[in-house]
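**Q** No letters, just coordinates:
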Ligand SMILES: Cc1cc2nc3c(=O)[nH]c(=O)nc-3n(C[C@H](O)[C@H](O)[C@H](O)COP(=O)(O)O)c2cc1C
């Protein structure tokens, strides 16, 4: 499936079926998570059949990703970036998901922390009771900062960024196309803003095509 199609189909799902992940689905997710860990230096853990992991906002959620890693600059943003990569991969495998900054029960944790690692956030996943639904979104004009003509790739990147999940649907970002051609992504401080930043960055890259631009801070 086209990456943009997967992005369009993804919505937060908080109600799940009482059905364990199929063996091959779980294997693929494990392998993909291991690749992401290798590339990012994070310690993302897939926990399955752990129904005590979530609060009652979520129904029958028995699987989740725990995002942990060594404390280092950019840790939260990397969790957002690689986490969204895994959640879109899971969407393509037929699973549904929802980031959970607060709705997870910390005391029921099944993840492990190695020396110097910290827990950042969780994400629920499993077979959805439904596919979730569209929600309100800002308009591209509210987040784009461009002088002159807007290139197509920038417009599609922004479209993908506006389809990204953000904590409390804040969408508190701006995307600026600078004179030198680089793109600058800014996010207003707030709960989980750095995780949001990573998620939005990943979506923009998919929509714009990484080969068409470079980031301001690259
Ligand atoms: C960093 C982050 C933390 C979130 N934390 C929670 C949470 O604790 N509980 C919850 O029900 N939803 C949580 N969400 C889901 C958002 O509410 C949801 O992504 C947003 O409303 C946009 O909806 P969508 O994902 O369907 O596009 C979180 C999302 C993100 C990105």
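**A** Here it is on my side, so go on. All of these numbers come straight from a predicted model, not from anything done at the bench.
**Q** okay, CA-based contacts and neighbour counts for the rest of this
**A** Will do.
**Q** Please name the residues that touch the residue nearest to the spatial centre of the chain.
**A** The C-alpha lying nearest the average C-alpha coordinate of the chain belongs to residue 84 (Cα atoms, centre = their mean; 2.6 Å). By Cα atoms under 8 Å, 6 or more residues apart in numbering, the residues touching residue 84 are 199, 202.
**Q** Make 476 the first number, not 1, from now on.
**A** All set: I'll call the first residue 476, so the last point we hit is now residue 559.
**Q** element containing it, please.
**A** helix 550-567 (DSSP states H and E).
**Q** and that helix, does that touch the ligand?
**A** No - Helix 550-567 stays clear of the ligand (Cα under 6 Å from any ligand atom), getting no nearer than 7.3 Å.
**Q** Just checking: what are the partner strands of the longest strand anywhere in the chain?
**A** Counting by DSSP state E, the longest strand found in the chain is strand 592-601. Strand pairing for strand 592-601, using DSSP bridges, gives strand 539-545 (antiparallel), strand 571-575 (antiparallel).
**Q** closest one to the ligand among those strands?
**A** Nearest of the strands paired with strand 592-601 to the ligand, taken as Cα to the nearest ligand atom: strand 571-575 at 3.7 Å.
**Q** got a markdown table for the strands paired with strand 592-601, with distance to the ligand, mean neighbour count and mean pLDDT too?
**A** Formatted as a markdown table, these follow (distance: least, Cα to the nearest ligand atom, whole Å; neighbours: other Cα atoms under 10 Å; pLDDT from 0 to 100):
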| stretch | distance to the ligand | mean neighbour count | mean pLDDT |
| --- | --- | --- | --- |
| strand 539-545 | 11 | 23 | 95 |
| strand 571-575 | 4 | 24 | 96 |
